[in-house]
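*Asks:* Provide a 3D model corresponding to the input given below.
(one chain, ligands or ions: 2)
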Amino acid sequence: MDISIVGSGYVGTTIAACFADFGHTVTTIDIDEQVVDQLNHGTAPIHEPGLNELIDAYGGNRLQATTDYAAVRDTDVTFLALPTPSNADGSIDTSAIEASARTLGEALATKDSDHLVVVKSTVIPGTTEDVLYPLLNDAAGEETNQRIDVAMNPEFLSQGTAVTDFQTPDKVVFGTRTDSATELLTAVFEPLLAESEPALVDTGVREAEMIKYANNAFLATKISLINELGNLCKEYGVDAYEVAAAIGLDDRIGEQFLRSGVGWGGSCFPKDTRALIAAARDVNYEPSLLEATVEVNEKQPKRLLDLLKKHVDVSDRRIAVLGLAFKSGTDDIRGSRAKPTIERLQEHNADIVAYDPVATKHMQETFPDIDYAESAAAALNGAHGAVVVTDWDEFSALDEEFDQMADPVVVDGRRVITRKDDIIYEGITW
Ligand SMILES: NC(=O)C1=CN([C@@H]2O[C@H](COP(=O)(O)OP(=O)(O)OC[C@H]3O[C@@H](n4cnc5c(N)ncnc54)[C@H](O)[C@@H]3O)[C@@H](O)[C@H]2O)C=CC1
Ligand SMILES: O=C(O)[C@H]1O[C@H](OP(=O)(O)OP(=O)(O)OC[C@H]2O[C@@H](n3ccc(=O)[nH]c3=O)[C@H](O)[C@@H]2O)[C@H](O)[C@@H](O)[C@@H]1O
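*Replies:* Ligands and ions are numbered 1, 2, ... in the order given. Next up is the predicted model:
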């Protein structure tokens, strides 16, 4: 099948590479010429395990990239994997996806066969059918004889494991208006459905849009709940990880996403929870639990520093921040809990030295005035305290490095530190 994909970020590039691997012919479209050049030269524009191998194998042949929307005319279906960031009030900014729908509609005006446009981006219920569908058809013009249909196919991959998550999902959701759209999507995903046998959810467009938000809201709330319980555990001298391990044995609860700590970040949980809260207010519904989910998350970095301040006066003291990425395995700092942690340390006039194996360059753009170390050892050397914000494996190997601290106070926000002897060690929820 001939597939086009608009947007070559985390989602667009991953699905492009995997669709090519299924045997489809794929054309990606992006406004960023550098991204297009990279793909055509067989290089992935983002860092994801396994992605470079696929792009290297198919880039420039079965997988072509362009900035020209005209390429969609030679394809049967177009996936939109465009950003849906937050407006100032938390609602989603649909400007990129709307602009793209207009350009896509204009390009499809001269296509003489049916075309399916599938929204992969995370959008509030109604966006695909009430906003994008009319835009596409208006831009395509009345005199065209082709029929444009729309569908919604939410994506559940996580950064750091994007390729394997996409190839072996728990479920695939088709939100469609017509049987022909369902049939076409089934043909696109046929190799994946045959190989991994995920649950197939065949539903309506609005339901598919809502399933994506509900999925992320549930996961974010699950983490906030274990963080709230974890905070309480700490007050009672109870280890929250022992409690989590036990409650996770109940199939109704499940063992995943029970790692308490300094909170959730990333490109999606923060924006999607805010978007759902804004959407709820739009329909005059007060989303109390979602608000509490966000509120608990905002509190965790403060708790981390309160624990540090119990042992150290941070003012004018060198404090090490270990980990800047929003989670291990990525250089992405969007929504990272390191940001509020650094801001709060700055408010207390700490002399901050930060370290991350891969995310330093990005954080330097946000905080150009703090020190950045080349290694965790260098960050800890002479520090009066350290906070751990990201669950990088290499932090669990730290040992003698703590002996080089001026005051060996370590507050762990991710339960990664294994050395406990001869240091003052505090876990955020244990
Ligand atoms: N990052 C993730 O792990 C996941 C993201 N999502 C959702 O998928 C959507 C895309 O997210 P990401 O891939 O992370 O975005 P991203 O920010 O990594 O990439 C977006 C790409 O779209 C391009 N672009 C922007 N406007 C364009 C236009 N008018 N025409 C062509 N290209 C354009 C940008 O240059 C960029 O390469 C969002 O709605 C997000 O919520 C869903 C599941 C997972
Ligand atoms: O919509 C999206 O973009 C994606 O958002 C998340 O994926 P991602 O943000 O890449 O990463 P996660 O592994 O979910 O971690 C998110 C945050 O939660 C934190 N987390 C996760 C799990 C846990 O037990 N505790 C915890 O604090 C992580 O440290 C991280 O800051 C979802 O897991 C994906 O299913 C979804 O597709």
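
*Asks:* close to ligand 2: what parts of the stretch 251-400 of the chain are there?
*Replies:* For the stretch 251-400 of the chain, the residues in contact with ligand 2 (C-beta under 6 Å from any ligand atom) are 257-259, 261, 264-269, 326-327. Every residue, glycine included, has its C-beta placed from N, CA and C.

*Asks:* please repeat the previous calculation with a cut-off of 5 Å.
*Replies:* Proximity of the stretch 251-400 of the chain to ligand 2, by C-beta under 5 Å from any ligand atom, involves residues 257, 259, 264-266, 268, 326-327.

*Asks:* ok, of those, which come out buried?
*Replies:* Among those, those classed as buried by 16 or more other C-beta atoms under 10 Å are 257, 259, 264-266, 268, 326-327.

*Asks:* what about the residue of the chain found nearest ligand 1, how many neighbours?
*Replies:* Proximity to ligand 1, evaluated over the chain using C-beta to the nearest ligand atom, is greatest for residue 9 at 1.8 Å. Residues lying near residue 9 (other C-beta atoms under 10 Å) number 16.

*Asks:* and for the one 5 residues further on?
*Replies:* For residue 14, the neighbour count with other C-beta under 10 Å is 27.

*Asks:* what about the helices in the stretch 201-350 of the chain?
*Replies:* 205-235, 240-247, 269-282, 288-309, 338-347 (DSSP state H, counting those that start in this stretch).

*Asks:* could you check the angle the longest one makes with helix 269-282?
*Replies:* It refers to helix 205-235. 120 degrees (axes from the mean of the first three to the mean of the last three C-alpha atoms, to 10 degrees).

*Asks:* do helix 205-235 and ligand 1 meet?
*Replies:* No - Helix 205-235 lies out of reach of ligand 1 by C-beta under 5 Å from any ligand atom, never closer than 7.2 Å.

*Asks:* who does that helix touch, helix- and strand-wise?
*Replies:* strand 148-152, strand 171-176, strand 199-203, helix 240-247, helix 269-282, helix 288-309 (3 or more C-beta pairs under 8 Å, 6 or more residues apart in numbering; DSSP states H and E).

*Asks:* what of the shortest one?
*Replies:* Packing contacts for helix 240-247, counted by 3+ C-beta pairs under 8 Å, 6+ apart, involve helix 205-235.

*Asks:* give the buried residues for the helix it packs on.
*Replies:* Result for helix 205-235 [16+ other C-beta under 10 Å]: buried residues 205-206, 208-213, 215-217, 219-231, 233-234.

*Asks:* neighbours around residue 295, how many?
*Replies:* 11.

*Asks:* I'd like the distance between it and residue 164.
*Replies:* For residue 295, the distance to residue 164 (C-beta to C-beta, to the nearest Å) stands at 33 Å.

*Asks:* I'd assumed residue 426 was in contact with residue 408.
*Replies:* No - contact criterion C-beta atoms under 8 Å: residue 408 and residue 426 do not qualify, at 11.8 Å.

*Asks:* surely the residue of the chain closest to ligand 1 is in contact with residue 81?
*Replies:* Yes - using C-beta under 8 Å, residue 9 is in contact with residue 81, at 6.7 Å.

*Asks:* next, the buried residues of stretch 100-113.
*Replies:* For stretch 100-113, a neighbour-count test (16+ other C-beta under 10 Å) marks 100-108, 111 as buried.

*Asks:* hmm, that stretch in reach of ligand 1?
*Replies:* Yes - contact of stretch 100-113 with ligand 1 (C-beta under 5 Å from any ligand atom) involves residue 100.
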